[in-house]
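*Asks:* build me a model from this:
(one chain, ligands or ions: 1)
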Amino acid sequence: MKNIMFIAPPAAGKGTQAELVEGKYDIPHISTGDILRNISKEDSELGNYIYETLASGKLVKDEITYQLIEDRLRQKDCKKGFIIDGFPRNIEQAYEYDNILKKLGYEIGNVIWINIDKKILEKRITGRRICENCKTIYNINDENSSPKIDSICDYCGGKLYQRSDDNLEAFQTRYAMYQEKTEPIIKHYKKKKVLFEINGDNSIENIFTEIEKIINK
Ligand SMILES: [Zn+2]
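*Replies:* Residues are numbered from 1 along each chain as shown. Sure thing, here's the model as predicted:
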């Protein structure tokens, strides 16, 4: 089993794929967001600092994040492989991540890049509708997943709504951030020959099949 890092633009389904990999291969899914949120509940100097930083919408200092990730990766359950999620967020963090792995005697493993055209993501985002009752997700821009009757759930007759952050403007901001910060990371791992590109314009099942092929290699 190799360590896995996912890279993908917003709304490309990275979280779903990480969950599928976690379930199938029984390796820990290391989310920096979860680590920070857990520690913020502790009544300690570090816990208080993280709580206040997150509450104010600021970013936790890099040195602290690095130490927490190192501590987590040192734990026994990571020795057989792990999925890292939400980190590294920029090229400086990628360099430091490589250093941490080296220090622990771990390999980078597979960096899986779910690549998908921006226009397709825009259609996904603006067309997404959710049933307020059973939470089924539809897409009115995709004939394979649009409801039979506009704004009514096929299964339960509930009303469909659009999430407030599923709008073009919020997406453009997140996408611009992704391009600026993530493209250098992609180049970096490409050079190291650990990057695998997957076409993200595909069903969840087909994307997962491609990921399995990479992992099982
Ligand atoms: Zn429904």
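*Asks:* need phi/psi at the residue nearest to residue 129 when sequence neighbours are not counted.
*Replies:* With sequence-adjacent residues excluded and distances taken as C-beta to C-beta, 6 or more residues apart in numbering, residue 129 is closest to residue 160, at 4.0 Å. For the C-beta atoms, the positions are set from N, CA and C on the backbone; glycine is no exception. Torsion angles at residue 160 (phi, psi; degrees, to the nearest 10) stand at phi -100, psi 140.
*Asks:* may I ask which helix or strand encompasses residue 197?
*Replies:* strand 195-199 (DSSP states H and E).
*Asks:* any idea of the mean pLDDT for the next helix or strand after that strand?
*Replies:* On the C-terminal side of strand 195-199, the closest following helix or strand by DSSP H and E is helix 204-216. For helix 204-216, mean pLDDT rounds to 95.
*Asks:* let me know the angle separating helix 204-216 from strand 195-199.
*Replies:* 160 degrees (axes from the mean of the first three to the mean of the last three C-alpha atoms, to 10 degrees).
*Asks:* list the buried residues of helix 204-216.
*Replies:* For helix 204-216, a neighbour-count test (16 or more other C-beta atoms under 10 Å) marks 207-208, 210-211, 215 as buried.
*Asks:* check stretch 67-76 too.
*Replies:* Buried-residue list, stretch 67-76, by 16+ other C-beta under 10 Å: 68-70, 72-73.
*Asks:* and stretch 106-113, by the same measure?
*Replies:* 106, 108-113.
*Asks:* can I get those in JSON lines with secondary structure and pLDDT?
*Replies:* Formatted as JSON lines, the buried residues of stretch 106-113 follow (DSSP: H, G, I helix; E, B strand; the rest coil; pLDDT from 0 to 100):
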{"residue": "106", "secondary structure": "coil", "pLDDT": "96"}
{"residue": "108", "secondary structure": "coil", "pLDDT": "96"}
{"residue": "109", "secondary structure": "coil", "pLDDT": "96"}
{"residue": "110", "secondary structure": "strand", "pLDDT": "97"}
{"residue": "111", "secondary structure": "strand", "pLDDT": "97"}
{"residue": "112", "secondary structure": "strand", "pLDDT": "96"}
{"residue": "113", "secondary structure": "strand", "pLDDT": "96"}
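*Asks:* surely residue 53 touches residue 46?
*Replies:* No: contact between residue 53 and residue 46 fails when scored by C-beta atoms under 8 Å: they sit 10.6 Å apart.
*Asks:* the helices in this protein, which residues?
*Replies:* 14-25, 32-39, 45-55, 62-74, 91-104, 118-127, 168-191, 204-216 (DSSP state H).
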